[in-house]
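**Q** Based on what follows, work out the 3D shape:
(one chain, ligands or ions: 1)
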Amino acid sequence: MSLFGKLKNRLLKTSSKLDEGLDAIVSEKSEDLGGEPSVDATAEQATPTVDIAEKPSVSPATNPVEPPKEAKPDAEKTPTIATPPVEGEAAEKPSLLGRVLGRKASTAGPRRVLDDEMLEQLEELLISTDMGVETSLRVTAAMAEGRFGQKLSSVEIKQLMAAEIARIMEPVATPMPLYQKTPQVILVVGVNGSGKTTTIGKLASQFRAAGKSVVIAAGDTFRAAAVEQLQVWGDRAGVPVLTAPEGSDPASLAFDAMTKAQESGADLLMIDTAGRLQNRADLMEELTKIVRVIQKKDPSAPHNTLLVLDATTGQNALNQVDAFQKLADVSGLVMTKLDGTARGGVLVSLADKYGLPIHAIGVGEQIDDLAPFDPKDFATALMGLED
Ligand SMILES: Nc1nc2c(ncn2[C@@H]2O[C@H](COP(=O)(O)OP(=O)(O)OP(=O)(O)O)[C@@H](O)[C@H]2O)c(=O)[nH]1
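**A** Presented below is the predicted three-dimensional model:
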């Protein structure tokens with residue numbers, strides 16, 4: 001099955017929620033006209049299709065290949081870990097949304113005149129997928145522009161919304177940057193249960209597949225179960241996991257791990273951290289100390305601080321971004337558990353509000369269930385459009 005097919009299947013809950021809601025809204029006051037669509041649903045084709053790996057940055061904070069600070073090492077030109085390029089794929093595969101929007105909208109089925117009432121219902125529908133009020137308003141307003149009073153079918157509405165969602169998300173869809181400097185240190189933060197361990201395992205496996213040598217440090221030293229779980233994932237990925245006795249200082253483990261990674265010539269060091277957001281002062285101290293000690297070995301480290309978020313927490317994910325931005329210098333996001341949630345809209349909200357790079361999305365519990373974030377595929381799958 002294609003990646004898009006997988007993504008679509010896995011975003012089924014959000015898209016079927018939208019599907020049912022849209023059908024109900026349109027058929028509430030519908031006219032089954034058939035014939036030509038009264039709106040040009042292909043107009044959004046003008047949305048620029050940007051090659052993610054090569055696109056220019058929208059702001060320094062979202063540019064993965066440009067060293068954000070002097071202290072950061074030089075970035076390689078073609079670094080894509082959560083998006084390992086498949087040979088020939090880019091050339092052969094036309095833009096998904098382009099294909100979807102390039103197709104004539106289905107002329108069959110009921111249509112409804114776009115008016116204030118319908119617009120409000122559409123806003124509510126998007127809000128129900130955790131897209132947030134502001135972002136939902138933005139999407140529906142863009143969709144309605146120049147189309148007020150026109151008759152729209154569900155498919156046309158989906159296409160217009162998908163185009164707007166893809167437009168919002170394009171600037172944040174950036175693969176995790178790889179730097180020439182080794183070991184590249186990746187600090188992984190996020191609340192307990194968000195999927196940090198799983199994501200580290202999946203990433204390690206992708207790094208290995210890309211020919212990189214990886215070391216993992218089990219920095220949540222206070223929870224034996226968390227360490228064991230990380231070891232399981234390290235085994236799966238074929239990557240060594242450095243641990244320390246339960247209750248020992250995570251910063252000291254990070255220092256040892258950094259030493260080992262340097263001595264063994266590892267390309268990447270991923271450091272798992274505790275996620276006790278309930279005790280922020282402690283967590284902040286812990287994270288600050290980890291950063292301080294690894295900087296003794298390399299002043300430019302950590303080179304990435306990945307925040308792992310759980311999509312099933314919906315809008316609460318935004319609070320977590322707020323909180324972790326205060327605790328650490330978050331450089332990018334991974335959103336997990338997008339499969340099986342009806343709250344996938346939160347990712348749009350996050351992109352709209354914070355503009356932090358989204359490096360990858362977790363779409364299952366298996367080792368290869370970490371997908372590159374493709375805004376067009378995501379928007380199309382989120383809206384339940386066909387490939
Ligand atoms: N369906 C699904 N489950 C996921 C995904 N990512 C992680 N999980 C599951 O979420 C649960 C928590 O994942 P962990 O990786 O242990 O989360 P953590 O943040 O390390 O949690 P702690 O070890 O408690 O700090 C596990 O049961 C994972 O299998 C995903 O993308 N999809």
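**Q** List the residues that contact the nearest residue to residue 131 once chain neighbours are set aside.
**A** Sequence neighbours aside, residue 345 is the residue nearest to residue 131 in space, at 3.4 Å (criterion: Cβ to Cβ, 6 or more residues apart in numbering). All C-beta spots, glycine's among them, are computed from the backbone N, C-alpha and C. If you count contacts by Cβ atoms under 8 Å, 6 or more residues apart in numbering, residue 345 has them with 14, 126, 129-132, 135-136, 382.
**Q** if you set the cut-off to 10 Å instead, what comes out?
**A** Going by Cβ atoms under 10 Å, 6 or more residues apart in numbering, residue 345 touches 14, 17-18, 125-132, 135-136, 139, 165, 311, 314-315, 382.
**Q** what do you get for residue 143?
**A** Shown in contact with residue 143 (Cβ under 10 Å, 6+ apart): 44, 114, 119, 122, 126, 152, 156-165.
**Q** Name the nearest of those residues relative to the ligand.
**A** Using Cβ to the nearest ligand atom, the shortest approach to the ligand within these belongs to residue 165, at 20.2 Å.
**Q** correct me, but that closest one touches residue 126?
**A** Yes - look at residue 165 against residue 126 with Cβ atoms under 10 Å: they come within range, at 9.2 Å.
**Q** so what sits against both of these two?
**A** By Cβ under 10 Å, 6+ apart, residue 165 and residue 126 have these common neighbours: 135, 138-139, 143, 345, 348.
**Q** near the ligand too, which of these?
**A** Among those, none lies close to the ligand by the criterion of Cβ under 6 Å from any ligand atom.
**Q** Can you convert the residues you listed into TSV and add a column each for pLDDT and distance to residue 338?
**A** Shown next, in TSV, are the shared contacts of residue 165 and residue 126 (pLDDT from 0 to 100; distance: Cβ to Cβ, whole Å):
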residue	pLDDT	distance to residue 338
135	96	17
138	96	21
139	96	18
143	93	23
345	93	11
348	96	12
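**Q** Output the residues you listed in CSV; the columns should cover distance to residue 245 and secondary structure.
**A** Putting the shared contacts of residue 165 and residue 126 into CSV (distance: Cβ to Cβ, whole Å; DSSP: H, G, I helix; E, B strand; the rest coil) gives the following:
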residue, distance to residue 245, secondary structure
135, 46, helix
138, 51, helix
139, 51, helix
143, 57, helix
345, 43, coil
348, 43, helix
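**Q** Just flag the most distant two among these.
**A** 143 and 345 (14.4 Å; Cβ to Cβ).
**Q** Helix or strand for residue 24, just tell me which one.
**A** helix 12-28 (DSSP states H and E).
**Q** for the record, mean pLDDT for that helix?
**A** When pLDDT is averaged over helix 12-28, the result is 79.
**Q** Show the end-to-end separation of stretch 174-185, please.
**A** Stretch 174-185 has its terminal residues 18 Å apart, counting by Cα to Cα, to the nearest Å.
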